[in-house]
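Engineer: Based on what follows, work out the 3D shape:
(one chain, ligands or ions: 1)
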Amino acid sequence: MITVKNIKKSFKKQVVFSNLSLSIKKPSIACFIGPNGIGKTTLLKVISGILHKDEGHIFIDEKEIFSTNDSFGKVSFFVNESILIENLTGREHLLLLLESQKERTEKLINYFQAEELMKKKVKSYSLGMRQILLIILTCSFDVPILIFDEILNGLDPKNRRKAMNLLMKLKKEKIILLSSHQLTEISEIADDVYFLYDNTLEKVEDMSQARSLENLYLEKTMGEFDDTEIEI
Ligand SMILES: Nc1ncnc2c1ncn2[C@@H]1O[C@H](COP(=O)(O)OP(=O)(O)OP(=O)(O)O)[C@@H](O)[C@H]1O
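Structural biologist: From the prediction side, this is the model:
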């Protein structure tokens, strides 16, 4: 269970968000959507304890989270590809994992048919290959909360479908937090969608009412929409 109460985060003078609250009580997929630069990644990092918040409270299973020390063993989050080490192979990254996670990891490698990928150095990886490694690393931890930032980015249709099926399976027993711009896929797998915009976190109450999540998104951000033709 995750409870977020009135959190605020700023970088120097820039307030990214303030007074945001959220409660997720049962295993499910919750996805954060919203414009570029609005604060989705920052919110995921704050919830996981990677970034310190300025104000407010975060509780995971009633334990207050101040840093990754508090979320350790409860949350798996590999932030994004910047965490990968270019001169190591995929397999060498897996050496960071505990012995108890190895069986799970091998199942994931097999699932993504990533045996060859694991032998290569990360510096030779494409965007999609990096994403697969991040998914394998994150899911190797059998913890109650998994967090993915833009997990579906760069995956080809087959691997995207595999990743979605994996999330659908894992959500039966875990809370999964995602950020994404892939609204069609998100409307297929997410139980709850939260729209981060204008310093509010609005839950999309009835996704069936919206003709599609994308239409809803465009309606909300229409004021910003500028269809001026480019002079080039
Ligand atoms: N380490 C940092 N130092 C200073 N500003 C930061 C830092 N990280 C993020 N920001 C700023 O915080 C704001 C939110 O960024 P964030 O990465 O959370 O957005 P996002 O919603 O995930 O965007 P996108 O959809 O483009 O990935 C942006 O204005 C960004 O420039």
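
Engineer: is any part of the lowest-mean-pLDDT helix or strand in the chain close to the ligand?
Structural biologist: The helix or strand of the chain with the poorest confidence is helix 213-221; it has a mean of 78 (mean pLDDT, DSSP states H and E). No. Helix 213-221 is not in contact with the ligand by C-beta under 6 Å from any ligand atom; minimum separation 12.2 Å. In this view, the C-beta of every residue, glycine as well, is placed from N, C-alpha and C.

Engineer: and Leu146, what helix or strand is that in?
Structural biologist: Using DSSP states H and E, Leu146 maps to strand 145-149.

Engineer: average pLDDT across that strand?
Structural biologist: For strand 145-149, the mean pLDDT works out to 95.

Engineer: Just the buried positions in the next helix or strand after it, please.
Structural biologist: For strand 145-149, the succeeding helix or strand toward the C-terminus, using DSSP H and E, is helix 157-170. Using 16 or more other C-beta atoms under 10 Å as the test for burial, helix 157-170 gives Asn159, Arg160, Lys162, Ala163, Met164, Leu166, Leu167, Leu170.

Engineer: just the angle between helix 157-170 and strand 145-149, please?
Structural biologist: On the basis of axes from the mean of the first three to the mean of the last three C-alpha atoms, to 10 degrees, helix 157-170 is oriented at 150 degrees to strand 145-149.

Engineer: Give the next helix or strand downstream of helix 157-170.
Structural biologist: strand 175-179.

Engineer: Can you list the buried residues in the helix or strand following that following strand?
Structural biologist: Next in sequence after strand 175-179, counting helices and strands by DSSP H and E, comes helix 183-189. By neighbour count on 16+ other C-beta under 10 Å, the buried set for helix 183-189 is Leu183, Glu185, Ile186, Ser187, Ile189.

Engineer: so the fourth one makes contact with Leu216?
Structural biologist: No. Here Ser187 does not reach Leu216: they are 9.5 Å apart, not a contact under C-beta atoms under 8 Å.

Engineer: residues from the protein in reach of the ligand?
Structural biologist: Counting by C-beta under 6 Å from any ligand atom, the chain comes close to the ligand at Phe11, Val16, Gly34, Asn36, Gly37, Ile38, Gly39, Lys40, Thr41, Thr42, Ser179.

Engineer: Just the buried ones from these?
Structural biologist: Buried residues within the residues of the chain next to the ligand, defined by neighbour count using 16+ other C-beta under 10 Å: Val16, Gly34, Ile38, Gly39, Lys40, Thr41, Thr42, Ser179.

Engineer: what domains does the record give for the protein?
Structural biologist: According to the TED database, the chain comprises the domains 2-74+143-222, 82-142.

Engineer: follow-up on the earlier one: hey, C-alpha coordinates of the strand holding Leu146 in PDB?
Structural biologist: Extracted in PDB, the C-alpha atoms of strand 145-149 (Å, rounded to 0.1, in the frame of the first residue of the first chain):
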ATOM      1  CA  ILE A 145       6.300  -2.400  -5.600                       C
ATOM      2  CA  LEU A 146       7.800  -2.000  -9.100                       C
ATOM      3  CA  ILE A 147       8.300   1.400 -10.700                       C
ATOM      4  CA  PHE A 148       9.000   1.900 -14.300                       C
ATOM      5  CA  ASP A 149       9.700   5.200 -16.100                       C
END
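
Engineer: Which residue, neighbours along the chain excluded, lies closest to the most centrally placed residue in the chain?
Structural biologist: In the chain, the residue lying closest to the centroid (C-alpha atoms, centre = their mean) is Phe148, at 2.3 Å. Spatial nearest neighbour of Phe148, chain neighbours left out: Leu178 (5.1 Å); criterion: C-beta to C-beta, 6 or more residues apart in numbering.
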